[in-house]
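K.L.:
I would like to see how this sequence folds:
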Amino acid sequence: MKKSIAILLFSLLGLGALFGQSKEQDIVRLMEMTGSADLGIQVMQNMLTQFKQILPEVPEDYWDQFMARVNPDDMIGLIVPIYDRHFTHGEIKDIISFYETPTGSKLIQELPEISEESMAAGQAWGMRLGQEIQQQLVDDGLLDI
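P.N.:
Next up, the predicted model:
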């Protein structure tokens, strides 16, 4: 009888492990939900655009073949340990729960545009500050234009 109960308990524990997500699986799920998994590909495509401008003599099919070898899972493999160091499994689950709410879903949807607008605002701010520094250096006699 005790042996049957022990087997039943171990079986239930085993089933629980099968149905529960590991921390790593939840991190990957979070990255997929937020589009982080696609970010590496977007960054690589932006870099290739720059390479194409710098190296116009390189045939287009070379870049196509290069991109075919790029595996987004490699990027995920690099990012999962970072999330793992910074968040507990419970926190990852909480973040996933937030992104499943209407507000979290809206944040995911709006974040690319917010990021783009924020980068443009940051660039404009940096240019303005650069011009102010340059003008101040001229006014102080430290720079001749």
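K.L.:
which stretches of this structure have low pLDDT?
P.N.:
1-19 (pLDDT under 70).
K.L.:
got the contact list for the residue most central in space within it?
P.N.:
For the chain, the residue sitting closest to the mean C-alpha position, by CA atoms, centre = their mean, is Ser36 at 3.3 Å. By CB atoms under 8 Å, 6 or more residues apart in numbering, Ser36 lies in contact with 30, 79. Bear in mind the C-beta positions are built from the backbone N, C-alpha and C, glycine included.
K.L.:
go through this protein and flag its longest helix.
P.N.:
helix 102-139 (DSSP state H).
K.L.:
in PDB, please show the C-alpha coordinates belonging to stretch 75-92.
P.N.:
Taking C-alpha atoms only, stretch 75-92 is exported to PDB below (Å, rounded to 0.1, in the frame of the first residue of the first chain):
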ATOM      1  CA  MET A  75      20.100  35.800 -30.300                       C
ATOM      2  CA  ILE A  76      17.500  34.300 -28.000                       C
ATOM      3  CA  GLY A  77      20.200  32.000 -26.600                       C
ATOM      4  CA  LEU A  78      22.300  35.000 -25.700                       C
ATOM      5  CA  ILE A  79      19.500  37.000 -24.100                       C
ATOM      6  CA  VAL A  80      17.800  34.200 -22.000                       C
ATOM      7  CA  PRO A  81      20.700  34.100 -19.500                       C
ATOM      8  CA  ILE A  82      20.500  37.800 -19.100                       C
ATOM      9  CA  TYR A  83      16.800  37.700 -18.200                       C
ATOM     10  CA  ASP A  84      17.600  34.700 -16.000                       C
ATOM     11  CA  ARG A  85      20.200  36.700 -14.000                       C
ATOM     12  CA  HIS A  86      17.900  39.700 -13.500                       C
ATOM     13  CA  PHE A  87      14.500  38.100 -12.800                       C
ATOM     14  CA  THR A  88      13.200  35.200 -10.700                       C
ATOM     15  CA  HIS A  89      10.900  32.700 -12.300                       C
ATOM     16  CA  GLY A  90       8.000  34.300 -10.400                       C
ATOM     17  CA  GLU A  91       8.900  37.700 -11.700                       C
ATOM     18  CA  ILE A  92       9.000  36.400 -15.300                       C
END
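K.L.:
cool, thanks, signing off.
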